[in-house]
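1. 3D model of this:
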Amino acid sequence: MAGHIQDRWYKTETDANGRTVRVKKDRHGSGLRYRARYVGPDGTEKSKSFRDGQKRLAEKWLTNIEADMSRGQYVDPAASRVTFRQYAEKWLVESSLRGHAIPYLGSRPLGSFKPEHIRDWLRKLESAVPASSYRRVIYNNVSTVLNAAVDDGHLSKNPCHAQSVRPPAPGAGRIVPWNAERTFAVRAGLPERFRATVDLAGGCGLRQGEIFGLPVEAIGFDSGWLHIANQVKVARGHLVFAPPKRNKERDVPLPDRVAQILKQHMEDFPPVNVTLPWLRPDGPPFT
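-> Residues are numbered from 1 along each chain as shown. Next up is the predicted model:
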């Protein structure tokens, strides 16, 4: 057995006749009776308490600990009690995790995760997020967090890898662009300050973050090109500047009509300096 069982209610003593007898301790009858103790791979003592009448259960628990150690599958009980939210927020919290994973999985201790919890969450996710491609992104982010938790010893295996868990399907083919009527209707419904975002998206094909992060010096009014070198994104709940998707800088054509709209926009709303951290909330400031 990996350790031993401590009886908190009785102690063993030798009486006047030299016989070994059990004697009640001062705490007899109060609290949990048995304490299963062992020394973990890190050299520190671990323990778990059990009620009166559960000595065999305590022995079985120690036997399982010993078996896990021999198979290399041991997980520190303290580490397994770390919740998904606590672990995810330490190193990776994309906005998709905050909105669609943390509310459902955040309070669950990592060591308690089973495939059924992932299946239940995926059913709820399907109701909340219609796009299968986006559900797959969220699922992959959750699986990445759990992979890291396995590597760090918080749980023995990733429940997302179970055969009974089916990841969301990839996106179904090409994206169909909005027609002109819908595009101009959305533009008209926006406050005047933000209407140029629709022109940049529809006329130049920029992504949302690239539009928000477009600096004046990237607009080539004379050359007829836009240089896309950064974007605004959400990292751990904070806005940051970052490179474009997949770190791919590029130049895109600037139609004359969009250039005219941008010039008018800059007259109506003169550009100002904006400073945000670079890449992560504690990153260097970038203006």
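2. residue ranges in the stretch 1-150 of the chain under the pLDDT threshold?
-> For the stretch 1-150 of the chain, applying pLDDT under 70 flags the ranges 1-2, 41-43, 72-76, 78-80, 87-96.
3. neighbouring contacts of the stretch of helix or strand Glu116 belongs to?
-> In this structure, Glu116 sits in helix 115-128 according to DSSP states H and E. Residues outside helix 115-128 that contact it (CB atoms under 8 Å, 6 or more residues apart in numbering): 100-101, 104-105, 108, 135, 138-139, 142, 159-160, 162, 164-166, 168. From N, CA and C alone the C-beta is placed, and that goes for glycine too.
4. the helix or strand just after that helix packs against which elements?
-> Going down the chain from helix 115-128, the next helix or strand is helix 132-151, by DSSP H and E. Contact partners of helix 132-151 among helices and strands, from 3 or more CB pairs under 8 Å, 6 or more residues apart in numbering; DSSP states H and E: helix 84-91, helix 95-100, helix 115-128.
5. buried ones in helix 132-151?
-> 135-139, 141-146, 148-150 (16 or more other CB atoms under 10 Å).
6. follow-up on the earlier one: mind putting the helices and strands packed on helix 132-151 into CSV with distance to Asn17 and mean neighbour count?
-> As requested, these are exported to CSV (distance: least, CB to CB, whole Å; neighbours: other CB atoms under 10 Å):
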stretch, distance to Asn17, mean neighbour count
helix 84-91, 56, 18
helix 95-100, 68, 18
helix 115-128, 58, 15
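7. start to end distance for stretch 150-163?
-> 18 Å (CA to CA, to the nearest Å).
8. from the chain's centre, how far out does it sit?
-> Relative to the centre of its chain, stretch 150-163 is centred 14 Å away, using CA atoms, centre = their mean, to the nearest Å.
9. how about it: buried residues?
-> Buried, per 16+ other CB under 10 Å, within stretch 150-163: Val150, Asp152, Gly153, His154, Leu155, Asn158, Pro159, Cys160.
10. got phi/psi on the residue lying closest to the fourth one once chain neighbours are set aside?
-> When the adjacent residues along the chain are set aside, His154 lies closest to Leu110, with 4.2 Å between them (CB to CB, 6 or more residues apart in numbering). Comment: the main-chain dihedrals of Leu110 come out as phi -60, psi -40, following degrees, to the nearest 10.
11. so Leu110 sits against Val142, correct?
-> No: with contacts counted by CB atoms under 8 Å, Leu110 stays clear of Val142, the gap being 11.9 Å.
12. returning to that earlier point: and of the contacts of helix 115-128, the nearest to Pro244?
-> Ile138 (21.4 Å; CB to CB).
13. hang on, that closest one packs against Ile102?
-> No: using CB under 8 Å, Ile138 makes no contact with Ile102, being 10.7 Å away.
14. tell me the SS of Ile5?
-> strand (DSSP: H, G, I helix; E, B strand; the rest coil).
15. residue contacts, it?
-> Tyr34, Arg35, Ala36, Arg37, Lys55, Ala58, Glu59, Leu62.
16. just the ones of those in helices?
-> Lys55, Ala58, Glu59, Leu62 (DSSP state H).
17. just the buried ones from those residues, in PyMOL syntax?
-> Buried residues within these, by 16+ other CB under 10 Å, are selected in PyMOL with:
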select buried, resi 58+59+62
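18. what ranges does the stretch 151-287 of the chain have for its strands?
-> 219-220, 225-228, 231-235, 238-242, 250-253, 276-277, 285-286 (DSSP state E, counting those that start in this stretch).
19. for the second one, which strands pair with it and how are they oriented?
-> To tie it back to what came earlier, the one meant is strand 225-228. strand 219-220 (antiparallel), strand 250-253 (antiparallel) (DSSP bridges).
20. try the last one
-> Strands flanking strand 285-286 in the sheet, each with its direction: strand 276-277 (antiparallel) (DSSP bridges).
21. relative to Arg182, which of the helices and strands packed on helix 132-151 is closest?
-> Of all the helices and strands packed on helix 132-151, helix 115-128 sits nearest to Arg182, with 24.1 Å by CB to CB.
22. how far does the closest one sit from the chain's center?
-> On CA atoms, centre = their mean, the centre of helix 115-128 falls 15 Å from the chain's centre.
23. before we move on, the earlier item: of the contacts of Ile5, which pair is most distant in space?
-> Taking CB to CB, no two of those sit farther apart than Arg37 and Lys55, at 13.4 Å.
24. can you put the ones in helices among the contacts of Ile5 in CSV and add distance to Asp68?
-> Below are these laid out as CSV (distance: CB to CB, whole Å):
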residue, distance to Asp68
Lys55, 21
Ala58, 16
Glu59, 15
Leu62, 11
